[in-house]
Every structure is written in C-alpha cells, then in structure tokens.
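Chemist: Would you be able to build a 3D model of this:
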Amino acid sequence: MIDLYTFSTPNGRKPAIMLEEVGLPYTVHTINIAKGEQFTPEYVAINPNSKIPAIIDQDTGIKVFESGAILIYLAEKTGKLLPTDTAARIQVIEWLMFQMASVGPMFGQLSHFRRFAPEQIPYAIDRYEKETLRLFGVLDQQLAKQEFIVGDYSIADIATYPWVAAYDYLGVTLDNHPHLKRWVETMQQRPAVERGMAV
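Modeler: Prediction:
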C-alpha cells in the first residue's frame, strides 16, 4: 500500500496518474498547501523541503519526495513505464529531467506572475510566456517523430502531461503546436490519466 501525500497541482497529480497506471493500491492524504499544511512537523518529517507530493511505501517503509523521484521509484517497484535497456532508459530519464528542470519551473513561474503576483509585472509575464512557448516547441518537435515523448508511453509522459494540460490556465494555446496538441488529446483518453487527474 502506498500513502500518497498530495494536492491538486500539476506536480501533485503526477504520482496519482502513475499509481493508476501501474495499478498499485494507494491512500490519498490531502496536504492543503493553500492552508500551509506542508509546513506541519508531521509532513516535514516526510518531506524536509515542505513541498508536495510525497509517498510512503508501507510495504518497504521507504519515503520518497520530489515527483520525479517518486515516478522512478514506482516504475522500478513495478517494472513498468521505465525501460530496462540502458539507451532507452536514459532517454526517458532525460525527458523526465527536462520536465523537472524546465517545464515545471517555467510554467510555474508563468502561472505565478500571471495569476498570483500581487502586481502585474509585464516583463515577468512576457519572459515566462515566451519560455513556455519555446518549451512547447521543443516538445512539439519531439512528438512530431512519435506518439509519445520517448516512443513508448513512459514516466516522461506522466511527468509532463499535467503541466501541458494546464495550458489554458496558463493563458496560452496549443494551436501552433499540432503534435503537442495531438499528444494532449491522446493522453486525455487514457482512463488512468483521467482518474489520476481527478484525485
């Protein structure tokens, strides 16, 4: 049994999608970051960085924080969605790191400055919107070659989808990125993705 500590953000949805895809039983514990619940001593004991998501694997007692690390852990636990072949495996990890280092932070900054900053700062909004659209272009080029980000469906797709699916919330469009738009539509049709996004 997996205890999942999460909230309804793109990062928080990644492990829920993964758990649905691999079919592991799990219990959801809501950590309401709007109320600061990520800073409670009980949660800091699970994730010292006070961010969501995190998991505890009750089978092993292992705690994992950082969404990318959680995806790798669950893939290795189940033998699913992360290739064992070295070349294919490193490609999936590359694109997982691309999401962690670029897509998440840049899309998150756009969301912050467009929706939550106490004052509208046109320079910041313009900067992060341009970078978001540039990253859309990188993904669009990659997806022009294959159905999923690294050929077969993998944790790279699971990590990236919740962020790209929020394009409307971010105030941008997929209209100039047809391959990315097709991929989003493909992902939306996966029952496990739909269930995970609803957690």
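Chemist: Please give the element, helix or strand, for the residue positioned nearest the centre of the chain.
Modeler: Nearest residue to the geometric centre of the chain (Cα atoms, centre = their mean): Ala159, 3.4 Å. When elements are assigned from DSSP states H and E, Ala159 belongs to helix 155-164.
Chemist: got a list of what the nearest residue to Gln141 once chain neighbours are set aside touches?
Modeler: Spatially, and ignoring its direct neighbours in sequence, Gln141 is nearest to His179 (7.7 Å; Cβ to Cβ, 6 or more residues apart in numbering). (Glycine included, C-beta is placed from N, CA and C.) Going by Cβ atoms under 8 Å, 6 or more residues apart in numbering, His179 touches Leu139, Asp140, Gln141, Leu143, Ala144.
Chemist: Let me know how buried the second one is, in neighbour terms.
Modeler: Residues near Asp140, counting by other Cβ atoms under 10 Å, number 18.
Chemist: Next, it: phi, psi?
Modeler: When quoted as degrees, to the nearest 10, the phi and psi of Asp140 stand at phi -60, psi -40.
Chemist: Check the third one too.
Modeler: When read as degrees, to the nearest 10, the backbone of Gln141 gives phi -60, psi -40.
Chemist: do you know how far it is from Lys35?
Modeler: 41 Å (Cβ to Cβ, to the nearest Å).
Chemist: Next: the second one.
Modeler: Here the distance between Asp140 and Lys35 works out to 38 Å (Cβ to Cβ).
Chemist: swap in Ile72?
Modeler: Per Cβ to Cβ, Ile72 is found 30 Å from Lys35.
Chemist: ditto for Ala124
Modeler: Where Lys35 is concerned, Ala124 sits at a distance of 26 Å (Cβ to Cβ).
Chemist: quick one: which of the two has more around it?
Modeler: Ala124 (16 against 10).
Chemist: wouldn't that one be in contact with Phe113 here?
Modeler: Yes. Using Cβ atoms under 8 Å, Ala124 makes contact with Phe113 at a distance of 4.2 Å.
Chemist: Just give me the neighbour total for Lys106.
Modeler: If you look again at residue 106, you'll see it is Met, not Lys. Met106 has 20 nearby residues by other Cβ under 10 Å.
Chemist: residue contacts, it?
Modeler: Tyr128, Glu131, Thr132, Leu135.
Chemist: Recalculate using a threshold of 10 Å.
Modeler: For Met106, the contact set (Cβ atoms under 10 Å, 6 or more residues apart in numbering) comprises Arg127, Tyr128, Glu129, Lys130, Glu131, Thr132, Leu133, Arg134, Leu135, Trp163.
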